[in-house]
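**Q** turn this into a model:
(2 chains)
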Number of protein chains: 2
Amino acid sequence: MAETVTLTLDEAHDLCLRVLLDHGLGGKQAEAVAAVIVAGQRDECHSHGLYRLIGCAHVLGTGRVNKDAKPRVIDWAPSIVKVDADFGFSSYAYNEGIGLALEKARCQGLAAFVINRCYHFSALWPEIEPLAEQGFAALALTPSHSWVAPAGGTRPLFGTNPIAFAWPRADHHPFVFDFATSATARGEIELHRRAGKTIAPGLALDAAGRPTVDPAEALRGAMLTFGGHKGSAMSTMVELLAGPLINDMISMESKAFDDGLGAIPCHGELILIFDPSVFLGDALGKNLACAETLFDAIIGQDARLPSQRRYDARLRSLRAGVTIPTPLYEELLALMKAPSENARASGRLG
Amino acid sequence: MAETVTLTLDEAHDLCLRVLLDHGLGGKQAEAVAAVIVAGQRDECHSHGLYRLIGCAHVLGTGRVNKDAKPRVIDWAPSIVKVDADFGFSSYAYNEGIGLALEKARCQGLAAFVINRCYHFSALWPEIEPLAEQGFAALALTPSHSWVAPAGGTRPLFGTNPIAFAWPRADHHPFVFDFATSATARGEIELHRRAGKTIAPGLALDAAGRPTVDPAEALRGAMLTFGGHKGSAMSTMVELLAGPLINDMISMESKAFDDGLGAIPCHGELILIFDPSVFLGDALGKNLACAETLFDAIIGQDARLPSQRRYDARLRSLRAGVTIPTPLYEELLALMKAPSENARASGRLG
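**A** As a prediction, this is how the structure comes out:
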C-alpha cells in the first residue's frame, strides 16, 4: 500500500462532511466544521487538518456536542456581540454572529465578538484571516483544558490558550499569527506520541513536575508555557479575557466539565475586531503603507512573516491537493458509518 | 560617604518635581511625570524609578519635548478616544484623556484610548493599574525605538514594545503584568553597563548580528525578543496596533525621528479598556470570583503572580522610604539648576 493518499480539496471536503453528517451533525454546523478542517489541511497545519476529524468524531460520539445546536446572536452592548453557541461547535456560532460583529466594528471603531458555550477544536487563524481580508485587524483568544503549568509551578492549570492576530494587507495575504501560549501545541505532542518520537526539552513536565521529553509522560503531566514568566502571564490574560470577562469557563472549569470524557474543550472565545478605516479616516492609506515598510524590513533581513509557510502550503494544495498518510486516510474512512466504494475510490493513492 | 541614600516618598517626589521644573517643564506636566517616576521607585522598578530622571532631564535638554505641551482630547468615534499629546510626555496626555476613555468603556463595553505624538519614558503599569482599581480590565501597548531584531533576523527593527495587562480584584491589588517583548528591558542592559556587569546569554546580538553578553555591544547591536518567533510575533503586533492603527510612528520611524539625539522615544500608545460590568451584568460577581480561583490555583502551586514583587516593594517603601545608590543621588542633585542645601539635607544618608 502506498504510504500516502492525495485528495483534491473538494474530495477532502466531501470526506469531512460525510464523516460529520454520518456522526449526526446538523447540515449547517457540519458545513462550518468541514470548511475549517479542510482549510487547516490545505495550509498543511496537520494537527488542525484532517487528523482533527478523529477528535471531532470522538467528541460527537460522547454525546456532549449539541448536534442540532441553534446559535443565538445577542446584540449585547454598543461594542459587544455575543453568540450563545448552544454547546455546538464554535465555527457554526462564528458564522452566525460575525456579520453583526463587523457591523459594530464599522460603527464603533472596535468591537468585541464573544462566542459562549462552544466546543472549540480549530485553529484561530481561520476565524481572523477572513476579517483581515475584509480590511479589519483582529485579535482572538480562547482558553482550552488545564494542560499547562504556570511559570514556577508544577501542575496543569492553564490551557494551551492560543493567541491569534491578523492585519490587512492590500496586495498580499493578511499578516496573521496564531500560536499556543504553551511552548508547543498539544496536537503536536499527540502527533509525536503517535509517531513514537520524543519531544524537545523544555516543553513539558511529567506527572511529578519533573522535565520530560516523553510525549506520553507530557500528556499525563503538564506542558510549559512559551517564553517563561512572560508567556505564563500572556496565558493568564487569555484565561481572564476569554473566561471571566465573557462569563465562560476558564481551562480548569472546562477540564472539570469534561469530566474525563476526553472531549474537546467546551468554553468561550473572544475576538477583538478593529476597523482601521474608523481609527484612521483619511490617513488609512498612509498607515497601511507604513505597515508594509515594517513587513519589508522583516523580510529584508531574511526573517520570515509568521504565516508565510502556511500561504506557501496553500498554494501547493490549491494546485496539487492535500496529501495525508495512508493509515490516517484509512482511519478516516473507517469513521464513516457506511464508507462507500465511491468515496474510497476518489482518493488517489500517491 | 554612605553607599546609599534613603528618601521618603515625599522627598523623592519633591526631588523629581524640582529637577523637572528646573528643566523648564510646565507645572501640570511635571507633576504627571514626577508621579510616575516616584511610583516606579516606590515599587523598586529601578530602571523606571529615579534613575529615569536622568533620561528625562537629558531629553528636556535636547529641546525635543514640548515643555509647554497642551494635550488635546478628541472624541474620535463611539469607542475611540484620542489624545494628541502635542509632543509632551505621555503621562500628562494620559491624565487629560483617561476620563473620557473610561466614560466610553462604561457606555460601549470597551474602548480604545489612543495617545499620539507623545514622549514615553515610563512603564505601562502606572497607567493601567489605576484602571483595574476602578474595576476595569486594560491592555496597553506601545512601540519604542528600533533596538530589537525580529526572530531569524540580525538587525534592530522592533522596539522593546512592552505589553501590559491589568485585571480588577476586590480584596487585593489588581493582577498586573507589564513586560517588554524584548528578552530584557533596555533599561536593564543600561544598568548592567553602568554596573560593569555582563548580561545573560540569549538576550542580544552585537552589531555584526552575533550573540553577545557585553551590554555595550548589545546596545550597539540588537536585542532579541523573548520567546523566539512567538515573542517576535507579539512584538510585530505591538508595532501594528500602536503604530499604523493609531496613525503614529513604528519604532523604525521613531528612531529615525530621533535623528541620533538619544532622546526617549516619541510615538503613540494604545490602551484597550474593558468594562467587566458591561460584559457581565448580573454575572459580574460570579466571574470575578472565578478569576480569584485562578489566582488561588497559581499561588497554590507556589508560582507567583506577576506583580507580587512590586506590591511587596511598595509596602516596604510606604513604611521606610526608597533607597538609591549615593552616586545616583548625587547625579540627581547635580541635575538641579541650583541645588539648595535644604533639598540636599533632606536625604537621609543610610
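
**Q** quick check: longest helix of chain A.
**A** helix A:90-108 (DSSP state H).

**Q** got the angle between that one and helix B:90-108?
**A** Here helix A:90-108 runs at an angle of 120 degrees relative to helix B:90-108 (axes from the mean of the first three to the mean of the last three CA atoms, to 10 degrees).

**Q** quick one: buried residues of helix A:90-108?
**A** A:90-98, A:100-102, A:104-105, A:108 (16 or more other CB atoms under 10 Å in any protein chain shown). From N, CA and C alone the C-beta is placed, and that goes for glycine too.

**Q** wondering if it reaches chain B at all.
**A** Yes. Using CB under 8 Å from any CB of the partner chain, a contact is recorded between helix A:90-108 and chain B, made by A:107-108.

**Q** excluding covalently adjacent residues, which one is nearest to the closest residue to chain B within chain A?
**A** The nearest approach of chain A to chain B comes at residue A:227, 2.8 Å away (CB to the nearest CB). Closest residue to residue A:227 apart from its sequence neighbours, by CB to CB, 6 or more residues apart in numbering or on different chains: residue B:227 at 2.8 Å.

**Q** likewise for residue A:125?
**A** residue A:178 (4.1 Å).

**Q** could you do residue A:5 as well?
**A** residue A:329 (4.2 Å).

**Q** so the residue of chain A closest to chain B sits against residue B:232, correct?
**A** No. Between residue A:227 and residue B:232 there is no contact under CB atoms under 8 Å: 10.6 Å.

**Q** how about the residues of the stretch 1-150 of chain A by chain B?
**A** Residues of the stretch 1-150 of chain A lying near chain B (CB under 8 Å from any CB): A:76-80, A:107-112, A:114, A:137, A:139, A:149-150.

**Q** if we go to 7 Å?
**A** Residues of the stretch 1-150 of chain A lying close to chain B (CB under 7 Å from any CB of the partner chain) are A:77-80, A:107-110, A:112, A:137, A:150.

**Q** which two of these have the greatest separation?
**A** A:107 and A:150 (38.7 Å; CB to CB).

**Q** quick one: the helices in chain A?
**A** Going by DSSP H, chain A shows helices at A:9-22, A:27-42, A:52-61, A:90-108, A:125-133, A:186-195, A:215-220, A:228-241, A:251-258, A:276-280, A:284-300, A:308-320, A:326-335, A:341-346.

**Q** just say which of those is most tucked in.
**A** Comparing the helices of chain A by mean neighbour count (mean count of other CB atoms under 10 Å in any protein chain shown), helix A:228-241 ranks first with a mean of 25.

**Q** other SSEs contacting that helix?
**A** Applying 3 or more CB pairs under 7 Å, 6 or more residues apart in numbering or on different chains; DSSP states H and E, one finds that helix A:228-241 contacts strand B:175-179.

**Q** centre of the chain to the strand it packs on, how far?
**A** A distance of 11 Å separates the centroid of the chain from that of strand B:175-179, by CA atoms, centre = their mean, to the nearest Å.
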